[in-house]
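>>> with the input below, show me the fold.
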Amino acid sequence: MHGLNPPQRAAVLNTDGPLLVLAGAGSGKTRVIVEKIAHLIATGRMPAKRIAAITFTNKSAKEMRERVAKRIRGDAADGLTICTFHALGLKLLQIEHAKLGLRRGFSVFDSDDSNAQIKDLLPAGTKPDVLDDMRNLISRAKNAGLSPEQAMAESRSPREIEAATLYELYQKRLTTFNAVDFDDLIRLPVQLLEADRDAQLAWRERIGYLLVDECQDTNDAQYRLLKALAGPAGLFTCVGDDDQSIYAWRGANPDNLLELGKDYPTLEIVKLEQNYRCSNRVLRAANALIAHNPHEHPKTLWSDQADGERIRVWECRDSAHEAEKVAAEIHFQQQKHNAPWSDFCILFRGNHQSRALEKALQLLRVPYHLSGGTAFLERGEVKDALAWLRLVANPDDDAAFLRAVTAPKREVGATSLAKLAEMSRHAQLPMSRMAESIHAIKQLTPRAGNALDGFVNIVRFLRDEAQRISPGELVGVLAERSGLLASIRAQCKDEASYQRRKENLAELSGWFDGGRGSGPGELAAQLALLSHADKGEAGNQVRLMSLHAAKGLEFRFVFIVGVEDGNLPHDASLDEGRLDEERRLMYVGITRAKEQLYLSHSRETQRWGERIRLKPSRFIEELPPGELQRDGADPVADAERKRERSLAGFAAIKALLEEG
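Numbers count the residues shown, from 1 in each chain. Next up, the predicted model:
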């Protein structure tokens, strides 16, 4: 534990009861978790196989596993569980599936699959916003740990009653398909552990000590899962920061940090307030801002770092002018410091704000990466291959069947599929099972029947292959045998585009863990979490992302744009009474900056053809004036900066001319 500060050390050594670590931004919380795991194992307090560290993203889990591997040498950490909440829920379902009415090899539906099923259950012509509303209400009920019956009992309006009725139909369809959705990976384990005493005791024996990261982001179902696993002994360490709770809109409940104290009266609290990331000037601004929120356990971040530059506040004419200033400043600072582009980040409240920024960066030839673009697993040929793999793993997965049977296209058109669907409903069988019936094939045209029979034979072959080769190897066999590669070649106009799409399928095989084939069950397990994997790294590019997406990251130079009332804080959040959460969002943005922070706002914008006047965000006024450098407030400093930029601009133009 060399190098830990006193509060960090206290958090590591406390292993006898429930502990809450309130970890401020940049305070070294991951190191505390890693050191605590090492301490539990080294002292014999708990063997590795009975320790579970739970994170919220696959990326965080991967980073933690890598850090544990460096900290604990040899095989001492064998059996240690480091995963997301959903991965833990999946593991529990794979072991206890029979108790919950699931068969081995069940599928996990992604959001597209879920939306397709809900859309099919709604009346034809239902508007997209109604579909979204119903899906969100069902998801909210599941995140609250409610069954369809409980959701109906708690419904108070016609809209909620409609959603609860749809929830019941949707859940019955999932059961028919031997599938669960992502929300079920938490809800169903909670349902089992709260109702089945034997299962509860078995899992408390399996997991003797829990460490939960980002505890402020837990929803009600996740919190109940924590309690069900920890039991009355409360052998856990929850690490969180109430000042960084920014996900209430998707079900997170920051009050769970307060509930810990009520459910576990002996709960001890350790505060981590020393920041290892930001300049003190940035921290003073962040502390002043967040002090406007109510706190049960207030924290004051501090640092050994220098004060650093004052926070620049820019008033711009409009978003185009704002984007030009930001792009020019990034170009200038990159040249001045010879810094990598990855040192720079632009943050915004909504993704629509990126358009003007992208244009301005392109004009200056500044490389950038926009978070939220098309992810690898969303590419067409990759989704096609995943549909085939899901069908191999689960014959009852109709969503996968419908995509696979048309990828590549074969003589099974919409009319044939509609007829097959009707026979399936009549026989109460999934479509993929019906497709294997000689009787069903004979009901189709000879051409469609032969094509469907050929498709079924390919799936059977791949299912046999899954028994003897690894999931990664199966991707290669599938690409050839299914006809996907041949179809891609036919679609591509040149060799380069064909090779690029072929390489995407080759890359997909690398996303699976190694090991030999152990059948559809192992394949299903790996597929379940694969579709929710984190996106790839951005490399050496300026990062453009929403404030929500920036949590957990840090950059040398940070620009927060659109800091106007109505945008940050957002009007919708103000209407819903969520000003405190908007302030926390601003706090998260500020504490991403290691050295230099820029805040910019516009005087006006154009909406529906009219110019609208804008006001600077109230959050700017909550920052200490002495920490800010506003445009025009210091004429001497402004003149010097203008001269520096002019020289840099001439150098950039000269370089561009020389390139030409």
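>>> counting by contacts, list what the longest strand along the chain packs against.
Of all the segments of type strand in the chain, defined by DSSP state E, the longest one is strand 593-602. The elements that strand 593-602 packs onto, with contact taken as 3 or more C-beta pairs under 8 Å, 6 or more residues apart in numbering; DSSP states H and E, are helix 280-290, strand 311-316, helix 319-337, strand 555-560. Using the backbone N, CA and C atoms, a C-beta is placed for each residue, glycine as well.
>>> for those, give me TSV that also has mean pLDDT.
Below are these laid out as TSV (pLDDT from 0 to 100):
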stretch	mean pLDDT
helix 280-290	96
strand 311-316	95
helix 319-337	94
strand 555-560	97
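>>> which ones are touching the nearest residue in space to residue 72 that is not next to it in sequence?
Computed as C-beta to C-beta, 6 or more residues apart in numbering, the closest residue to residue 72 that is not its neighbour in sequence is residue 38, at 5.4 Å. Applying C-beta atoms under 8 Å, 6 or more residues apart in numbering to residue 38 gives the contacts 68, 71, 72.
>>> filter those residues down to the buried ones, PyMOL style.
To isolate the buried ones among the contacts of residue 38 in PyMOL, judged by 16 or more other C-beta atoms under 10 Å, type:
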select buried, resi 68+72
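>>> from the contacts of residue 38, which is closest to residue 419?
Closest to residue 419 out of these is residue 68 (54.6 Å), distances taken as C-beta to C-beta.
>>> how about that closest one, phi and psi?
Note on residue 68: backbone dihedrals following degrees, to the nearest 10 are phi -70, psi -40.
>>> just use 99 as the starting number from now, easier for me
Fine by me, first position is 99 from now on; the one you just mentioned is residue 166.
>>> the residue lying farthest from the centre of the chain and residue 514: what is the separation?
Farthest-out residue of the chain from its mean C-alpha position, per C-alpha atoms, centre = their mean: residue 544, at 46.4 Å. According to C-beta to C-beta, to the nearest Å, residue 544 stands 11 Å off from residue 514.
>>> residue 283 too?
Remark: distance between residue 283 and residue 514 (C-beta to C-beta) = 34 Å.
>>> also residue 365?
Distance, residue 365 to residue 514, using C-beta to C-beta: 61 Å.
>>> of the two, who's got more company?
residue 514 (19 against 16; other C-beta atoms under 10 Å).
>>> assign a three-state SS to the more buried one, would you?
For residue 514, the assignment made with DSSP: H, G, I helix; E, B strand; the rest coil gives helix.
>>> on that earlier part again, tell me the helix or strand right after the longest strand of the chain.
strand 702-705 (DSSP states H and E).
>>> helices or strands up against whatever helix or strand comes next after that following strand?
The helix or strand immediately downstream of strand 702-705 is strand 708-711, counting by DSSP H and E. With contacts taken as 3+ C-beta pairs under 8 Å, 6+ apart, strand 708-711 sits against strand 702-705.
>>> which of the three states applies to residue 562?
Counting by three-state DSSP, the backbone at residue 562 sits in helix.
>>> contacts for the helix or strand in which residue 681 is found?
Element membership of residue 681, judged by DSSP H and E, is helix 677-688. With contact meaning C-beta under 8 Å, 6+ apart, helix 677-688 is reached by 123, 341-344, 346, 380, 383-384, 387-388, 390-392, 445, 447, 645-646, 648-649, 656, 658, 661, 666-668, 671-672, 695, 715, 717, 720.
>>> quick revisit: in CSV, list the helices and strands packed on strand 691-700 along with mean neighbour count and distance to residue 441.
Listed next are the helices and strands packed on strand 691-700 as CSV, based on neighbours: other C-beta atoms under 10 Å; distance: least, C-beta to C-beta, whole Å:
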stretch, mean neighbour count, distance to residue 441
helix 378-388, 23, 15
strand 409-414, 19, 16
helix 417-435, 20, 8
strand 653-658, 24, 4
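>>> possible to save those as JSON lines with distance to residue 480?
JSON lines is the format used below for the helices and strands packed on strand 691-700 (distance: least, C-beta to C-beta, whole Å):
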{"stretch": "helix 378-388", "distance to residue 480": "40"}
{"stretch": "strand 409-414", "distance to residue 480": "40"}
{"stretch": "helix 417-435", "distance to residue 480": "33"}
{"stretch": "strand 653-658", "distance to residue 480": "30"}
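>>> rewinding a little: any residues touching the longest strand of the chain, and which ones?
Under the contact criterion C-beta under 8 Å, 6+ apart, strand 691-700 has outside partners 375-377, 380, 383, 406-407, 409-417, 419-420, 423-424, 427, 431, 652-662, 688, 712, 714-715, 718.
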